[in-house]
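Visitor: fold the following.
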Amino acid sequence: MSTQDPDLGRDGQAAPDPVQLALPKGRMQDQLFGLLADAGVEVRVSSRGYRPEVALPGFETKILKPQDIVEMLHRGSRDVGFAGHDWVVEKGAELVEVLDTGLNPVRIVAAAPHALVHDGRLPATRFVVASEYERLTTSWLAAEGYDATFVRSYGATEVFPPEDADCIVDNTATGSTLRANGLTIVATLLTSSTRMFAHPRALDVPAKRDRIEHLALLLRSVLDARQRVMVEVNCAAADLEAIIRVLPCMREPTVSTLHAGAGHAVKAAVPRAELPSLILQLKQHGATDIVVSALAQIVP
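Guide: Predicted coordinates for the structure are as follows:
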């Protein structure tokens, strides 16, 4: 039987405290859990559990509402977590942004009924604005010189006008819900997405910082891979340099010689968005046997 103190590592030193990780519940959870899974970090959640198991050593995890994650990170009871940039700004939380996942992109906008908007402006007379975002809203009103009364909403803000408010400040991904309620956007206050934030003190602890940066590296590798595909082509020796000139790559393409010196095989991870025009250019410069395949992760 081992007599090693369970709080000590194999070298007899005190085991570092686990990183306290907060994961969001609600609409941003599915995309984030998919990103974690693609990075090899499985999250196992029981049907009613708020403390899931994460397949990453040195982490203890809790599921919270995104607004609560910002609060807990600001207080320091959580070391790292995922939340919308909008709520970090709204709450004035002093956090370090570790990674922007780009997931769940939204805009925080001011919107009002069409009849209330003239030349892109709201009326000069006093009006009522409803929002969940008090800090963002009042700062915007002051900057624009509007005279308005703020009313806090608790969801479904778009239904306030015209009876209960003249204007709203809310988040939107496409603007379709606003248009369906007869509202027109008059200003964009902020753009937001799901991001990874850390409490500054957590990054001051080397063991915690290393784990947090490792998690960010894993997620970034998947995000980078989603933006690229692997393109492989064959070409004659005389066409090799022309192919390399038009083939975008991260550093240099990989080149190998085909059997019996019949030419070269060239491959590179290229931006997905450039693929349609790239294939045409490659064919024009003599490429054959073009193969495009998906990438799972890219680690520089």
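Visitor: can I see the domain layout of the chain?
Guide: Annotated domains of the chain cover 19-103+194-225, 106-192, 228-294 [automatic domain parsing].
Visitor: reformat those domains as JSON lines; add mean neighbour count, mean pLDDT and distance to residue 300.
Guide: Bear in mind the C-beta positions are built from the backbone N, C-alpha and C, glycine included. Formatted as JSON lines, the domains of the chain follow (neighbours: other C-beta atoms under 10 Å; pLDDT from 0 to 100; distance: least, C-beta to C-beta, whole Å):
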{"stretch": "domain 19-103+194-225", "mean neighbour count": "18", "mean pLDDT": "95", "distance to residue 300": "8"}
{"stretch": "domain 106-192", "mean neighbour count": "16", "mean pLDDT": "94", "distance to residue 300": "27"}
{"stretch": "domain 228-294", "mean neighbour count": "15", "mean pLDDT": "96", "distance to residue 300": "8"}
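Visitor: and the nearest residue to residue 133 once chain neighbours are set aside, which of the three is it?
Guide: Among residues not flanking residue 133 along the chain, residue 90 sits closest, at 5.1 Å (C-beta to C-beta, 6 or more residues apart in numbering). Following DSSP: H, G, I helix; E, B strand; the rest coil, we place residue 90 in the helix state.
Visitor: report the contact partners of residue 90.
Guide: Contact analysis of residue 90 by C-beta atoms under 8 Å, 6 or more residues apart in numbering lists 133, 134, 135, 136.
Visitor: and it, how close does it get to residue 46?
Guide: Residue 90 is 31 Å from residue 46, where distance means C-beta to C-beta, to the nearest Å.
Visitor: again with residue 106
Guide: From residue 106 over to residue 46 (counting by C-beta to C-beta), the distance is 30 Å.
Visitor: what's the answer for residue 205, then?
Guide: Counting by C-beta to C-beta, the gap from residue 205 to residue 46 is 30 Å.
Visitor: show residues contacting the longest helix along the chain.
Guide: Of all the elements of type helix in the chain, the one with the most residues (DSSP state H) is helix 206-226. Under the criterion C-beta under 8 Å, 6+ apart, residues 16-17, 19, 35-36, 38-41, 56, 58-59, 79-80, 98-99, 101-102, 196, 198, 202-203, 272, 295-299 lie in contact with helix 206-226.
Visitor: tell me which of the residues you listed fall in helices.
Guide: 35, 36, 38, 202, 203.
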